[in-house]
Structure formats: structure tokens, C-alpha cells
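>>> Pasting the sequence and the predicted model now:
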Amino acid sequence: MENTMDVVKLYDYLHTIPELGFEEVKTAEFLAQELEKLGYKVTRNIGKTGVIGEIIGTEPGPTVLARADMDALPFVDAQGQHYANHSCGHDAHCSMLLVAAANVVGKIKKGKLRVLFQPGEETLRGALAVIRDGIIDDVDIALGMHVRPIQDIPDGTMSPAVCHASSTFVTIDVEGKGCHGARPHLGVNAVEAAVLIANALMALKLNPALAWSCKVTGIKGGYVAPNIIPDKAQMIIDARAQTNELMDELMTKLTRAAQGAAAALGATAKVTTPGGIIPAAEYNQELTDEVAECIKEVVGADKCMPIIINPGGEDFHYFVRKFPKIKAAYFGVGAGVTPGLHAQDMHLNKNSLHNGAEVMTKMILKIMG
């Protein structure tokens with residue numbers, strides 16, 4: 001491909017090579033080579049398939065991490081074939097960040113710029129893999145961005161912050177006691193206990209001024225035979241809360257409700273979060289205000305939208321959760337994403353990606369120029 005820093009051409013190319021989390025080999029190598037052409041010191045295989053590019057200024061200053069995610073989503077076509085597709089805009093994020101990385105070459109005066117193309121965001125383990133490799137330890141400021149669907153903000157507008165919720169998938173393993181259907185008093189029906197747990201979860205109460213949800217998305221158990229009382233059942237719960245503190249409260253009440261409801265029938269409930277709990281956004285207000293000023297410079301004050309409250313999860317927030325000293329900002333790029341993120345036929349306005357690249361450029365130079 002022709003070496004160019006045009007954001008639309010970059011997007012068009014990256015869109016043709018979608019790869020799943022921790023399999024972004026072609027994507028990572030392309031980005032690494034482009035960074036090397038720009039003069040960055042490049043380190044490959046960060047968090048397995050991630051890429052880091054570094055530039056050090058001539059004066060003391062902060063270590064700034066500018067991050068984009070690389071991975072695509074898995075889909076199955078009408079013929080049952082599995083394939084990857086960029087339906088969350090990560091190709092757009094890489095394109096915008098690479099253009100910003102090119103724009104700031106020769107202009108970094110203070111501190112160290114670390115450009116991160118992160119793997120595996122959709123697995124919600126990518127940021128943790130990067131953290132384990134130690135490249136976040138000395139970071140002072142973290143910057144991120146995400147294209148937004150038309151349900152959030154109009155195309156061509158931008159938001160200074162996308163406040164994701166804390167989220168997790170909860171597994172509840174219910175254990176009862178099997179017996180014959182003609183003698184139910186000799187057993188404990190695990191499926192009935194699961195139903196009682198579901199009702200108990202629907203009765204939970206948390207602060208209504210904050211966004212949260214707790215949804216049963218799966219119940220599996222029973223039917224070894226129609227006349228056998230099942231001894232085991234499993235439930236899957238999607239839990240979300242706007243703040244980390246609210247998620248702590250939700251998990252405490254969820255666990256208590258599940259165990260109590262199961263105990264009422266003589267069963268037990270084991271509550272686990274196999275994928276961990278994704279942190280909620282925690283942003284630095286001063287940085288967010290600076291992002292807003294940059295947005296106004298790029299698209300105008302009338303196109304600087306309010307902060308977006310979003311119940312989705314984003315593993316970018318592990319950076320601050322693991323290292324509270326980090327000041328973070330994460331802005332939304334209105335790119336006319338339709339019909340929505342993660343939709344199989346998702347598409348966007350490529351020309352609006354120029355805005356995201358320019359705001360990221362201005363933020364880096366505001367801090368380091």
C-alpha cells in the first residue's frame with residue numbers, strides 16, 4: 001500500500017484486513033511499519049499482538065499514552081462460515097491515531113509520547129495484557145477515542161467524554177438434589193431455584209439517580225428426562241453500573257439475593273465473574289475540559305456535544321483502575337455510525353474521521369508541544 005497518512009485511505013485499507021482479538025498480526029505489522037517510517041521507536045508483540053511507538057522530547061515532561069484498539073468482531077454468515085468484521089470502528093480508531101502520530105512528529109518537546117495500538121479490546125482482556133507487559137507503569141496521561149453511533153451524537157459533532165459503565169457477566173451455578181418427579185419432596189429442584197433467583201434479582205433496588213441494570217440472559221439446566229428433578233442449573237447475568245462504587249454495591253446485593261433465594265428452597269448458589277469486572281470510566285476533569293476546547297477549535301462550539309453516558313464496557317478504563325495516578329481523557333467522534341456499533345452491516349462517514357485525528361493531534365501537542 002502507498003505510504004500515506006490520509007485517514008480515509010488508511011481506514012479503507014485496515015477495513016479489508018479485519019482480525020479477531022490477539023490475532024491482529026497483519027494489522028499490527030502494518031501499523032508498526034508505518035510508525036517506523038515516521039521515525040518512532042517501535043516495539044512489537046505488546047500484550048501478544050500490540051504495537052508501541054515512542055518519541056521522546058528534548059525537555060522533561062509527562063509520559064503520554066495515546067491508545068487505539070485494533071481488533072474486529074466475529075460473525076457467522078448465511079452459509080455458517082465464521083468471519084471477522086470491523087463492526088465497532090477499531091479500524092477507524094487506528095486510522096485516526098496513526099494520522100495524529102504522523103502530525104506530531106518533530107513537534108514533541110516535553111516528555112515521552114507512547115502511541116499504543118492495543119489488541120483484544122473486544123475480549124475485554126487486551127488492556128490487562130498490555131498492563132502485564134509493564135508499558136503502563138510510568139504513564140502519567142492516557143488519551144483514547146471512539147466513533148459514536150447516530151443514537152449518541154450527530155455525524156460531524158464530537159463529545160469531550162464517553163462515560164462507559166462498569167460491566168460484567170456473572171455466572172450463577174445452582175446446586176440442588178436430584179430425584180424422581182413422582183417424589184419431589186425427596187429432592188431440591190435446581191431449575192426452580194434458578195427461577196426464584198431470577199425473580200429475586202428483578203427485585204433489587206439501587207440508587208435510581210444512577211444508571212444500572214441486572215439482566216438474566218441465560219438459564220440452562222434439567223431435562224435429563226421429563227420425570228427427573230434436576231440437581232444442577234446455571235444462570236448467566238449481564239450486570240452494569242455507572243460507577244465502580246455502584247458496581248460494588250450491585251455485586252454485593254446480587255450475590256446475597258442469589259444465595260438467599262437458593263437457600264429458601266434448600267439449594268446453593270455459587271456466584272462468579274469469570275471474565276472479571278470491567279471498570280467504569282474515571283476521567284480527569286481538567287483534561288476533559290481541554291478536549292472540549294480542542295473540539296471547539298476543530299468543529300466549532302455548536303458541534304461540541306455534552307458528555308455521553310454510555311452503559312457499554314471499555315477496557316481502556318483498566319489503565320486508571322490499576323494505576324490511579326493516571327489522568328485520562330476519552331472522547332467521542334460523531335461519525336454517523338449506522339445502524340449501530342456491533343451491527344453486522346455497520347457503516348460510518350469516513351470523512352468525519354478527520355475530526356478525531358485533528359482533536360487527538362491538538363491534545364497531544366497541547367500537553368507536549
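The structure has been received and is ready for your questions. Residues are numbered from 1 along each chain as shown.

>>> only C-alpha atoms for contact and neighbour calcs from this point on.
Fine.

>>> show me where the stretch 201-350 of the chain has strands.
In the stretch 201-350 of the chain, the strands defined using DSSP state E, counting those that start in this stretch lie at 212-221, 228-229, 232-241, 268-272, 308-310, 327-337.

>>> Report the strands that pair with the last one, each with its relative direction.
So the one you mean is strand 327-337. Partners of strand 327-337 in the sheet, by DSSP bridges, are strand 141-149 (parallel), strand 158-159 (antiparallel).

>>> Just the residues contacting the helix ranked longest in the chain, thanks.
With secondary structure taken from DSSP state H, the chain has its longest helix at helix 244-264. With contacts defined as C-alpha atoms under 8 Å, 6 or more residues apart in numbering, helix 244-264 is touched by 165-167, 172, 174, 193-194, 196-197, 200-201, 204, 206, 240-241, 268-271, 279-280.

>>> out of those, which are buried?
Buried members of the contacts of helix 244-264, scored by 16 or more other C-alpha atoms under 10 Å, are 165-167, 172, 174, 193-194, 196-197, 200-201, 206, 240-241, 268-269, 271, 279-280.

>>> Give me the subset of those lying in helices.
193, 194, 196, 197, 200, 201.

>>> As JSON lines, those residues with pLDDT and distance to residue 93 would be great.
Output for these, formatted as JSON lines (pLDDT from 0 to 100; distance: C-alpha to C-alpha, whole Å):
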{"residue": "193", "pLDDT": "98", "distance to residue 93": "45"}
{"residue": "194", "pLDDT": "98", "distance to residue 93": "42"}
{"residue": "196", "pLDDT": "98", "distance to residue 93": "44"}
{"residue": "197", "pLDDT": "98", "distance to residue 93": "41"}
{"residue": "200", "pLDDT": "98", "distance to residue 93": "41"}
{"residue": "201", "pLDDT": "98", "distance to residue 93": "37"}
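
>>> Looking at the residues you listed, spot the one nearest residue 37.
Residue 37 lies nearest to residue 201 out of those, by C-alpha to C-alpha, at 54.7 Å.

>>> how about that closest one, what does it touch?
If you count contacts by C-alpha under 8 Å, 6+ apart, then residue 201 has 214, 254, 257, 258 around it.

>>> Can you tell me the number of residues neighbouring the third one?
Counted by other C-alpha atoms under 10 Å, the residues lying close to residue 257 total 22.

>>> Repeat that for the last one.
A count of nearby residues for residue 258, using other C-alpha under 10 Å, gives 25.

>>> Same question for the first one.
Summarising burial for residue 214: neighbours were counted as other C-alpha under 10 Å, giving 21.

>>> Give me the nearest residue to it, chain neighbours excluded.
residue 239 (4.5 Å; C-alpha to C-alpha, 6 or more residues apart in numbering).

>>> Wait, the one you found touches residue 165, no?
No. Between residue 239 and residue 165 there is no contact under C-alpha atoms under 8 Å: 9.9 Å.
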